[in-house]
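In: have a look; sequence and predicted model below, questions after that.
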Amino acid sequence: MSSVSTSTDSQNEPKRVVFDDPHGAAGNMQEAEVTRVRTLRGAWRWTLIAATAATILLCINQQFSLRFFIGYTQLNTEYFYLLIALMLPFTFLIFPGTERAPLDRIPWYDLLFFAVTFAAALLLMSNVRKAAEAGWEFGGAPNTVIAAGLVMWAMLMEALRRTGGWSLLLSVLPFTVYPLFAESSWLGPFRGTQSTIEQATAYHVLSGESLLGIPIQAFADTVIGFLVFGTALMMTGAGKFFINLAFALCGTFRGGAAKVCIFASGLLGMMSGSIISNVLTAGTMTIPVMKKSGFRASYAGAIEACASTGAVLAPPVMGATAFVIAQFLNVSYADVAVAAIIPAALYYIGLFMQVDAYAARHGLKGIPRAELPRIMDTIKDGWYYVFVIALLIVMLLYFKRESHAPFYATALLLVLNQFFSKDTRWTLATIGKFLEVNGRTFVELVGILAGCGLLIGAFSMTGVVSSLANDLLHIAGDNPFLLLGMCALTSLILGLGLTTTACYIFLAILVAPALEKLGLNKMAVHMFIFYWGMLSSITPPVAIASFAAAGIAGSPAMKTGWESMWVGSIIYFIPFFFVLNPALVLQGPSPYLAGLGLMGLAAFGTLFICGGIQGYQPFVGDLRGTGALEWPIRILLVIGGFVVATPGGGIMPLSQMQVTLLGLAILVPTVLIALLQVRRQAIVPDGLRAP
């Protein structure tokens, strides 16, 4: 686990907070997951390491066209099946089938599942070239292929249950078998073209629209490289560098410990793309310091949960869902990363404002400079990370080589680390640990993504998506606001039981076409769905990020979840902003100029939203000084701030100027009244003040 240490240069100098994290997020993830997964040992551990190395080499071969297979050109579908054969069987070894299943040994039935899955994947891989030539996915596949396909279908559902839980299985399984009875009258708007069991099986396992569809394609093309880069970054000491840098830059500010948390988690999240990894890495340092600075335990956990949730929002390395979005939209990953810049910036600006207002209202000070790391010492220890991140961004945004970028960045990182860092220099043991950590992540992702791919195949098979979009538009009466509200609510509900990726895939198939038919920007629509599905990380009753932070903070899990919703409330508004005007996701005419202008307005409005939520308005003061008017003023500040931040034009009935003036008409008198009340309270002698 990460640890906190202190150091002194002399007997008279105060101790300094120093973060020491030799294995980074990866080590924390393993330690945190030990209660729900097996740690493979002996021959099985080395088998996983070998399979992971083969997976990474296969990916490098495919992306760089190195032709490892002399005299043989591998089809993409064969490559996908090789990855499935290497990673999916380990699902049954790493993830126990039940809570009572032993963790110290592998039961015989898990070994059987391993062998059966591996054999089925190899058989299907050996036939997928013939299937493409003969069109077997539409019928005519041999019985052996159909049998292997049925086995793979069953194993995929079991892998989905083990990695994503019963809620994910029960959400996906009915849709995967739905083509078998798609013509049933009771299905209503879901009625479509029906298939036999042989046709459905062949389509699921042989076509490029189901098992081998968008989720696995995203994993094989880009996710592997970015996961490798993120793990390498953490295992070369980036966690220590980013957190110490955050303490050096932000620690002395009002509520400094919480601002360090936001800054550090944002930096780590930009590189890892993992919410839980962020909580477990940064939280072990920031939460205790926040509690020591005066933040109550549940609030400290909530701040960390919200800051870490930004990991899947913040480019350049976002969560796996971002790569799936790129595949759905048929755009480069760089386009998705660029679209996320302004929404991510607004989210973290909102968090900073929330924390600042809370600290001001409660009189929370910063950390003394003498107790913080020196900024020059921190930069001296980790300056080379800047070059690595710069290379990644240039490769992504300038050269548009998202499949190559993480591998080049990883190579540069490892070379610089070996030359310039004595503490984190890699050995053979480190390489084994690196491959093992990546392997466990690959296995879990393949288990989820491959199973969710069958969702896409089911709706593609039945041809129901287009008619369903028309039905949704009819229900909403072609009202975009009603349809957006329906979509947001559905995303939130699905997100409570599904992973963010699974939730996104569901709604990208079912709801996105209806929103696009209303003329809304495609990128904005898909980002809207993504954001709302991701909110389950801080929204009870699931709130996995909040519960992880609560464990570190020693606070009640559900209370921390509700606090997280309060602290991160700004994120519930942001998705509506960029759907109303896609310039906020850098789409449309003159997107950069318009996007920056709208971002400024949104940030200005957020200042008042946060002031109203926390009860302290910058340039006014503590709103408790307004007496009986406190809550009316706070409500008006939130409403006025929301109106100012809302983009005008487009589907809005008011222009941008009208919306802004309306917001100011609410805010100006509210702020003036609050200012007069606070100042009047300040000049009244204590003895004359009302109790």
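Out: Cool, got the structure. Residues are numbered from 1 along each chain as shown.

In: what is the burial count for the residue lying closest to Phe399 once chain neighbours are set aside?
Out: Distances taken as Cβ to Cβ, 6 or more residues apart in numbering place Ala405 nearest to Phe399, at 7.7 Å, with adjacent residues excluded. C-beta here means a position set from N, CA and C on the backbone, and glycine is covered the same way. Counted by other Cβ atoms under 10 Å, the residues lying close to Ala405 total 26.

In: how much space separates Ala405 from Leu391?
Out: Ala405 sits 8 Å away from Leu391, going by Cβ to Cβ, to the nearest Å.

In: how about Phe573?
Out: Taken as Cβ to Cβ, the span from Phe573 to Leu391 is 35 Å.

In: before we move on, back to that, ok, now which ones touch the residue nearest to Phe399?
Out: Counting by Cβ atoms under 8 Å, 6 or more residues apart in numbering, Ala405 touches 225, 391-392, 395-396, 399.

In: how about a cut-off of 6 Å?
Out: By Cβ atoms under 6 Å, 6 or more residues apart in numbering, Ala405 lies in contact with 392, 395-396.

In: now the strands: where do they sit in the protein?
Out: 3-7, 16-20, 616-617, 621-622 (DSSP state E).

In: lowest-pLDDT helix or strand in this structure?
Out: Lowest by mean pLDDT, DSSP states H and E among the helices and strands of the chain is helix 24-33, with a mean of 39.

In: show me the domain layout of the protein.
Out: Domain segmentation of the chain under automatic domain parsing yields 43-207, 587-691.

In: now the ones you listed in a markdown table, with mean neighbour count?
Out: Putting these into a markdown table (neighbours: other Cβ atoms under 10 Å) gives the following:
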| stretch | mean neighbour count |
| --- | --- |
| domain 43-207 | 18 |
| domain 587-691 | 17 |
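
In: now for the ones you listed, which one comes closest to Asn417?
Out: Asn417 lies closest, by Cβ to Cβ, to one member of these: domain 43-207, at 17.9 Å.

In: now that closest one: mean pLDDT?
Out: The average pLDDT within domain 43-207 is 90.

In: show me what counts as buried in stretch 413-421.
Out: Residues 413-414, 416-417, 421 are the ones in stretch 413-421 that count as buried (16 or more other Cβ atoms under 10 Å).

In: who touches it?
Out: By Cβ under 6 Å, 6+ apart, stretch 413-421 touches 232, 236, 384, 388, 425.

In: sort out for me which of these are in helices.
Out: 232, 384, 388 (DSSP state H).

In: tell me which of the residues you listed has the lowest pLDDT.
Out: Lowest confidence among these: Tyr384, with 88.

In: quick check: closest non-adjacent residue to it.
Out: Leu416 (4.1 Å).

In: thinking again about what came up before, in helices, which of the contacts of Ala405 fall?
Out: Short answer: those in helices (DSSP H) are 392, 395-396.

In: contacts only, for Val331.
Out: Applying Cβ under 6 Å, 6+ apart, no residues contact Val331.

In: got phi/psi on it?
Out: phi -130, psi 170 (degrees, to the nearest 10).

In: for this protein, give me the ranges with low pLDDT.
Out: 1-36, 69-73, 496-497, 682-691 (pLDDT under 70).

In: biggest helix in it by residues?
Out: helix 428-462.

In: could you tell me how far that helix lies from the centre of the chain?
Out: 15 Å (Cα atoms, centre = their mean, to the nearest Å).

In: next, the buried residues of that helix.
Out: Those would be 433-462, for helix 428-462 by 16+ other Cβ under 10 Å.

In: Phe573 and Leu391: which has the busier surroundings?
Out: Higher neighbour count among Phe573 and Leu391: Phe573, with 19 against 16, using other Cβ under 10 Å.

In: do you know how far that one is from Leu372?
Out: For Phe573 relative to Leu372 (Cβ to Cβ), the value is 34 Å.

In: just Met270 next, same as before
Out: 22 Å.

In: more neighbours, the two?
Out: Here Met270 and Leu372 are compared on neighbour count by other Cβ under 10 Å; more neighbours surround Leu372, at 23 against 19.

In: contacting residues for Ser195?
Out: 179, 461.

In: for Val465, which residues are in contact?
Out: For Val465, counting by Cβ under 6 Å, 6+ apart, the contacting residues are 459, 513.

In: ugh, wrong one, I meant Glu137
Out: Counting by Cβ under 6 Å, 6+ apart, Glu137 has contacts 202-203, 206-207.

In: now tabulate these in a markdown table and tack on distance to Pro591.
Out: Compiled in a markdown table, the contacts of Glu137 are given as follows (distance: Cβ to Cβ, whole Å):
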| residue | distance to Pro591 |
| --- | --- |
| Ala202 | 44 |
| Tyr203 | 39 |
| Leu206 | 41 |
| Ser207 | 36 |
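
In: take these and keep only those in helices.
Out: 202-203, 206.

In: so which of these is the closest to Gly477?
Out: Tyr203 (35.4 Å).

In: what's the distance between the closest one and Gly451?
Out: Tyr203 is 16 Å from Gly451, by Cβ to Cβ.

In: who's in contact with Pro480?
Out: 518, 651.

In: start at 42 instead
Out: New numbering, starting at 42: the last item is Pro521.

In: if I look at it, how far off is Gly560?
Out: Taking Cβ to Cβ, one finds Pro521 at 8 Å from Gly560.

In: got it, and Arg675?
Out: For Arg675, the distance to Gly560 - Cβ to Cβ - is 37 Å.

In: spatially central residue in this structure, please.
Out: The centre of the chain sits closest to Val353, judged by Cα atoms, centre = their mean, with a distance of 2.7 Å.

In: okay, now the nearest residue to that residue once chain neighbours are set aside: neighbour count?
Out: In space, and not counting its chain neighbours, Val353 is closest to Gly360: 3.5 Å by Cβ to Cβ, 6+ apart. For Gly360, the neighbour count with other Cβ under 10 Å is 24.

In: wait, Gly360 touches Thr350, no?
Out: No: using Cβ atoms under 6 Å, Gly360 makes no contact with Thr350, being 10.2 Å away.

In: got the contact list for stretch 216-226?
Out: 233, 235-236, 241, 495-496, 499, 502-503.

In: the same query, at a cut-off of 7 Å, please.
Out: 232-236, 238, 241, 495-496, 499, 502-503 (Cβ atoms under 7 Å, 6 or more residues apart in numbering).

In: now do stretch 93-100
Out: 120, 123-124, 127-128, 261, 265-266, 269, 476, 479-480, 483.

In: can you pull out the helices in the stretch 292-441 of the chain?
Out: 297-313, 316-334, 338-350, 361-370, 374-380, 382-403, 416-423, 425-438 (DSSP state H, counting those that start in this stretch).

In: include distance to Ala450 when you put the ones you listed into CSV, please.
Out: Below are the helices of the stretch 292-441 of the chain laid out as CSV (distance: least, Cβ to Cβ, whole Å):
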stretch, distance to Ala450
helix 297-313, 10
helix 316-334, 18
helix 338-350, 22
helix 361-370, 16
helix 374-380, 14
helix 382-403, 19
helix 416-423, 15
helix 425-438, 4
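
In: those helices: which one's closest to Ala162?
Out: helix 361-370 (20.9 Å).

In: how far off centre is the closest one?
Out: Distance, centroid of helix 361-370 to centroid of chain: 12 Å (Cα atoms, centre = their mean).

In: alpha carbons of it, in PDB - could you do that?
Out: Only the C-alpha atoms of helix 361-370 are listed here, as PDB (Å, rounded to 0.1, in the frame of the first residue of the first chain):
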ATOM      1  CA  ALA A 361     -12.200   2.200 -21.200                       C
ATOM      2  CA  THR A 362     -15.600   3.600 -22.100                       C
ATOM      3  CA  ALA A 363     -14.000   6.500 -24.000                       C
ATOM      4  CA  PHE A 364     -12.300   4.100 -26.400                       C
ATOM      5  CA  VAL A 365     -15.700   2.400 -26.900                       C
ATOM      6  CA  ILE A 366     -17.200   5.800 -27.700                       C
ATOM      7  CA  ALA A 367     -14.500   6.300 -30.400                       C
ATOM      8  CA  GLN A 368     -15.400   3.000 -32.000                       C
ATOM      9  CA  PHE A 369     -19.200   3.700 -31.900                       C
ATOM     10  CA  LEU A 370     -18.700   7.100 -33.500                       C
END
